[in-house]
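Participant: Quick one: sequence plus predicted model below, questions after.
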Amino acid sequence: MPEPASLEQIEPVATALLGSPLTSLDAAELVLNRRVDAKEKMITQMIFGLNTPKDKFAMLLMEFEIEKSMKEKGMSDFGTKNPF
């Protein structure tokens, strides 16, 4: 199994993808390491806002860390799936 990509490897690719609305969801999937749906309001607000691609990348990194922390606490349902 290949070694996961480092942050240094992901950043330039994700930042370039975040520069275009057509590839922003791909960038979110790359950074969050999961499937991202356009129905995810919080993620779409991050990636389709007026921020620079670098700012969008930073916000996605913060979201990644939050999701990672939640997974460690036993929560693993992210995205559009309703847990109720």
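Facilitator: Looks like it came in fine. Numbers count the residues shown, from 1 in each chain.

Participant: State the mean pLDDT of stretch 25-34.
Facilitator: Mean pLDDT, taken over the full extent of stretch 25-34, equals 95.

Participant: For that stretch, what is the distance to the chain centroid?
Facilitator: How far stretch 25-34 lies from its chain's middle: 4 Å, per C-alpha atoms, centre = their mean, to the nearest Å.

Participant: now what about it, what contacts it?
Facilitator: 10, 13-15, 17-18, 35-36, 38, 43, 46-47, 56-57, 60-61, 63-64, 67, 78-79 (C-beta atoms under 8 Å, 6 or more residues apart in numbering). (C-beta placed from N, C-alpha, C; glycine too.)

Participant: That stretch: which residues count as buried?
Facilitator: 25, 26, 27, 28, 29, 30, 31, 32 (16 or more other C-beta atoms under 10 Å).

Participant: Tell me the spacing between the fourth one and residue 37.
Facilitator: Spelled out, it's residue 28. When C-beta to C-beta, to the nearest Å is applied, the distance between residue 28 and residue 37 equals 10 Å.

Participant: same check, this time on the fifth one
Facilitator: Relative to residue 37, residue 29 is positioned 10 Å away (criterion: C-beta to C-beta).

Participant: go on, the third one?
Facilitator: According to C-beta to C-beta, residue 27 stands 14 Å off from residue 37.

Participant: How about the first one?
Facilitator: Here residue 25 is placed at a distance of 8 Å from residue 37 (C-beta to C-beta).

Participant: Give me the most central residue, the protein.
Facilitator: When C-alpha atoms, centre = their mean is applied to the chain, the residue found nearest the centroid is residue 28 (3.3 Å).

Participant: On the three-state scheme, it is what?
Facilitator: Here residue 28 is helix, with the state taken from DSSP: H, G, I helix; E, B strand; the rest coil.

Participant: With adjacent residues omitted, what lies nearest to it?
Facilitator: Using C-beta to C-beta, 6 or more residues apart in numbering and skipping the chain neighbours, the partner closest in space to residue 28 is residue 36 (4.3 Å).

Participant: can you count the residues close to residue 57?
Facilitator: 26 (other C-beta atoms under 10 Å).

Participant: Now do the helix or strand containing it, average pLDDT.
Facilitator: Secondary structure assignment for residue 57, by DSSP states H and E: helix 53-72. When pLDDT is averaged along helix 53-72, the result is 93.
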